[in-house]
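Undergrad: Provided below are the primary sequence and the corresponding predicted coordinates.
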Amino acid sequence: MSTKIIWANHASFFVEHEGTLIVTDPWYFGAVFNNGWELVSQTDSFYERFLTVDFIWVSHEHPDHFHPPTLKLIPEERRKDVTILFHKTQDRRVIDYCKKIGFSVKELNAGWEEIVKDKISFYNEKNGVEDSWVIMKLNDTIVLNLNDCIISDNNTYQEIKTLVNGKVDVLLSQFGYAERIGNPDEPQLRKTEAKFWLDSLIKQVEILNPDFTIPFASYKFFSHDENFYMNDEAAKPWEAEEMILENGLSKPIVLYPSDEWEVGSKNDNSTALNKYKTDWDKLKPTNYETASSDLNQLVSQADEYSTSLLKIFSPSIKLANTVFASIISFNSIQFYLKDIDTTLSYSIRNKTTVEKGRKINWDIELHSESLKYLFKFPYGTNTLLVNARFSSSSKEAVAKLYRLAHLGLMVSANEKLSVPYLMKNFTKIIATLLKRNKIN
Ligand SMILES: [Zn+2]
């Protein structure tokens with residue numbers, strides 16, 4: 001029984017099996033993360049195939065994986081025949097949205113094999129706050145999509161190995177960094193980080209021993225002139241291919257948009273790699289329109305943002321509240337707004353203040369448009385950490401952003417700071433707090 005993989009882009013690929021067409025994480029055009037990332041290669045050649053898809057699996061809510069404008073390419077009248085597969089979440093935001101725009105939906109229970117159609121099943125498992133990975137079983141072909149997941153515990157690998165009876169046909173995993181690493185003048189930090197991701201891919205290959213490995217989910221570039229420097233040390237697919245070849249345990253497969261590969265067959269990667277080389281050579285920042293924000297509006301937005309963050313603190317658990325608040329929050333973050341030469345002092349518990357010029361104790365330098373975005377959405381801080389449209393005065397300054405981002409993600413996921421939350425997420429919180437020690 002044959003299984004064909006047809007390449008789309010970034011983290012998106014089609015699986016064609018016995019007349020059923022599945023696609024993962026479709027993002028085919030446009031900038032994401034507040035004009036922070038774009039695709040390295042164009043993807044307009046397979047829209048027709050996308051329009052005939054039966055199932056769309058979405059790994060997580062980041063816009064390079066869950067991209068509503070791409071989903072909407074499918075005409076409204078066809079959407080009910082297309083099923084979106086997404087893991088169960090507390091907030092049900094993705095599922096509800098997809099339903100609202102007319103798709104059929106199926107929620108996947110974490111840690112459970114769900115039959116999707118005939119002999120096709122999905123075993124979805126959560127990873128970290130938002131991510132998830134999936135084992136796709138197509139008769140006896142196993143496609144393991146690890147996506148952006150950072151798997152640091154051996155138990156998860158053991159779980160996977162047991163589930164697949166020790167046999168993975170195709171492993172797909174991220175090969176490059178995907179968040180802000182260092183200021184422009186710190187390429188060494190990015191070099192180290194790039195190596196970390198490539199080494200992690202090899203580690204996965206060594207543990208899981210797949211027949212074939214497709215390095216993916218890193219076909220994006222930092223596309224704004226404020227973050228273009230981040231591309232200087234980003235891992236390229238030919239580096240990933242070379243490392244897999246050198247390691248010798250698995251055969252690397254590199255596909256260019258629209259390339260087709262029959263699982264199990266040989267593939268000559270050189271044509272795809274040459275095309276990627278050409279695309280990478282041509283990259284340049286996009287000239288986005290960036291408008292300065294109104295200062296008064298920013299201040300009131302900041303105060304509203306604090307109100308929304310404070311909602312996660314449950315008044316019934318005063319002690320945990322006080323302890324947690326004192327560790328995770330901070331006195332203030334000093335945002336220096338370079339376009340309007342003003343420092344905005346933000347604190348969750350105190351009123352926002354502004355002062356002309358750059359204060360000596362500034363933390364984060366950014367455009368006022370970016371700060372507006374940060375306050376506008378609960379996940380705004382996270383977006384800033386991904387899109388790297390800022391520079392920092394110190395590691396501690398970035399650590400403050402990580403702590404703020406954690407609170408924002410809690411709001412976004414509808415989590416309350418309760419005793420059960422503290423217990424369930426103890427290690428995660430400690431990890432966030434400790435992150436300041438290895439912040440770049
Ligand atoms: Zn992501």
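TA: Thanks, I have it. Every value quoted in this text rests on a predicted model; they were computed, and no experiment measured them.
Undergrad: which bits of the chain sit near the ion?
TA: Proximity of the chain to the ion (Cβ under 5 Å from the ion) is limited to residues 62, 148. No exception for glycine: its C-beta is placed from N, CA and C like everyone else's.
Undergrad: Flag every buried residue along stretch 333-344.
TA: By neighbour count with 16 or more other Cβ atoms under 10 Å, stretch 333-344 contains the buried residues 333, 334, 335, 336, 337, 338, 340, 342, 343, 344.
Undergrad: in a helix, that's where the last one is, yeah?
TA: This means residue 344. No - counting by DSSP: H, G, I helix; E, B strand; the rest coil, residue 344 falls outside a helix, being strand.
Undergrad: Next, the contact list for it, please.
TA: By Cβ atoms under 8 Å, 6 or more residues apart in numbering, the residues touching residue 344 are 295, 298, 299, 302, 334, 335, 337, 352, 353, 354, 371.
Undergrad: same check, this time on the fifth one
TA: By Cβ under 8 Å, 6+ apart, residue 337 lies in contact with 343, 344, 366, 367, 368, 371.
Undergrad: can I see the domain layout of the protein?
TA: 3-281, 295-438 (automatic domain parsing).
Undergrad: so can I have JSON lines of these showing mean pLDDT?
TA: Formatted as JSON lines, the domains of the chain follow (pLDDT from 0 to 100):
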{"stretch": "domain 3-281", "mean pLDDT": "95"}
{"stretch": "domain 295-438", "mean pLDDT": "84"}
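Undergrad: out of those, nearest to residue 287?
TA: Closest to residue 287 of those is domain 3-281 (Cβ to Cβ; 7.5 Å).
Undergrad: ok now that closest one, how far from the chain's centre?
TA: Offset of domain 3-281 from its chain centre (Cα atoms, centre = their mean, to the nearest Å): 10 Å.
Undergrad: Would you pull up the residue in the stretch 301-440 of the chain closest to the ion?
TA: Going by Cβ to the ion, the ion is nearest to residue 386 of the stretch 301-440 of the chain, at 7.6 Å.
Undergrad: Look up how far residue 416 lies from that residue.
TA: Per Cβ to Cβ, to the nearest Å, residue 386 is found 25 Å from residue 416.
Undergrad: Surely residue 77 forms part of a helix?
TA: Yes - looking at residue 77 with three-state DSSP, it is inside a helix.
Undergrad: give me the number of residues near it?
TA: Residues near residue 77, counting by other Cβ atoms under 10 Å, number 8.
Undergrad: ok, now the one 10 residues further on?
TA: The number of residues packed near residue 87 is 25, by other Cβ under 10 Å.
Undergrad: Quick one: residues contacting it.
TA: Listed by Cβ under 8 Å, 6+ apart, the contact set of residue 87 reads 107, 108, 109, 110, 124, 126, 132.
Undergrad: redo that, cut-off 7 Å
TA: 108, 110, 124, 126, 132 (Cβ atoms under 7 Å, 6 or more residues apart in numbering).
Undergrad: same question, residue 33
TA: Contacts for residue 33 (Cβ under 7 Å, 6+ apart) come out as 63, 383, 386, 387.
Undergrad: packing partners for the helix or strand containing residue 137?
TA: Secondary structure assigned from DSSP states H and E places residue 137 in strand 131-138. Contacts defined by 3 or more Cβ pairs under 7 Å, 6 or more residues apart in numbering; DSSP states H and E place strand 131-138 against strand 12-17, strand 120-127, strand 141-147.
Undergrad: could you redo these as TSV and give each row mean neighbour count?
TA: Output for the helices and strands packed on strand 131-138, formatted as TSV (neighbours: other Cβ atoms under 10 Å):
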stretch	mean neighbour count
strand 12-17	23
strand 120-127	20
strand 141-147	24
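Undergrad: Would you reformat the ones you listed as CSV and include distance to residue 361?
TA: Listed next are those as CSV, based on distance: least, Cβ to Cβ, whole Å:
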stretch, distance to residue 361
strand 12-17, 44
strand 120-127, 37
strand 141-147, 39
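Undergrad: Between these, which one is closest to residue 360.
TA: Once the helices and strands packed on strand 131-138 are compared by Cβ to Cβ, strand 120-127 is nearest, at 41.1 Å.
Undergrad: What are the buried residues along stretch 222-241?
TA: Quick answer for stretch 222-241 (16+ other Cβ under 10 Å): 222-224, 226-231, 233-241.
Undergrad: Alpha carbons of that stretch, as CSV, please.
TA: Taking C-alpha atoms only, stretch 222-241 is exported to CSV below (Å, rounded to 0.1, in the frame of the first residue of the first chain):
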residue,chain,number,x,y,z
PHE,A,222,13.2,36.9,9.7
SER,A,223,11.7,39.3,7.2
HIS,A,224,11.7,42.8,8.9
ASP,A,225,14.6,45.2,8.7
GLU,A,226,14.5,45.2,12.5
ASN,A,227,15.1,41.5,12.8
PHE,A,228,16.8,40.5,9.5
TYR,A,229,20.1,40.1,11.4
MET,A,230,18.6,37.0,13.0
ASN,A,231,19.1,35.1,9.6
ASP,A,232,22.9,35.4,9.9
GLU,A,233,23.4,32.0,11.6
ALA,A,234,20.1,30.3,10.9
ALA,A,235,20.4,26.6,9.9
LYS,A,236,19.9,25.7,6.3
PRO,A,237,18.4,22.5,4.9
TRP,A,238,21.7,21.5,3.3
GLU,A,239,23.4,21.6,6.7
ALA,A,240,20.7,19.4,8.2
GLU,A,241,20.9,17.0,5.2
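Undergrad: Let me see the ranges of the strands in the stretch 251-400 of the chain.
TA: For the stretch 251-400 of the chain, the strands defined by DSSP state E, counting those that start in this stretch occupy 251-252, 260-262, 333-337, 342-346, 353-356, 364-366, 391-392.
Undergrad: Equivalent analysis for the stretch 1-150 of the chain, please.
TA: In order along the chain, the stretch 1-150 of the chain carries the following strands (DSSP E, counting those that start in this stretch): 3-9, 12-17, 20-24, 37-39, 55-57, 83-87, 104-108, 112-117, 120-127, 131-138, 141-147.
Undergrad: Parallel or antiparallel, which strands does the fifth one pair with?
TA: When sheet partners are counted by DSSP bridges, strand 55-57 sits next to strand 20-24 (parallel), strand 83-87 (parallel).
Undergrad: how much does the first one deviate in direction from strand 3-9?
TA: Angle between the axes of strand 20-24 and strand 3-9 is 40 degrees (criterion: axes from the mean of the first three to the mean of the last three Cα atoms, to 10 degrees).
Undergrad: which residues are contacting strand 20-24?
TA: With Cβ under 7 Å, 6+ apart as the test, strand 20-24 has contacts from 8, 11-15, 50, 52-57, 117, 120, 145.
Undergrad: Please convert the strands of the stretch 1-150 of the chain to a markdown table, extending it with distance to residue 186.
TA: Shown next, in a markdown table, are those (distance: least, Cβ to Cβ, whole Å):
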| stretch | distance to residue 186 |
| --- | --- |
| strand 3-9 | 30 |
| strand 12-17 | 32 |
| strand 20-24 | 34 |
| strand 37-39 | 20 |
| strand 55-57 | 37 |
| strand 83-87 | 36 |
| strand 104-108 | 40 |
| strand 112-117 | 43 |
| strand 120-127 | 28 |
| strand 131-138 | 26 |
| strand 141-147 | 27 |
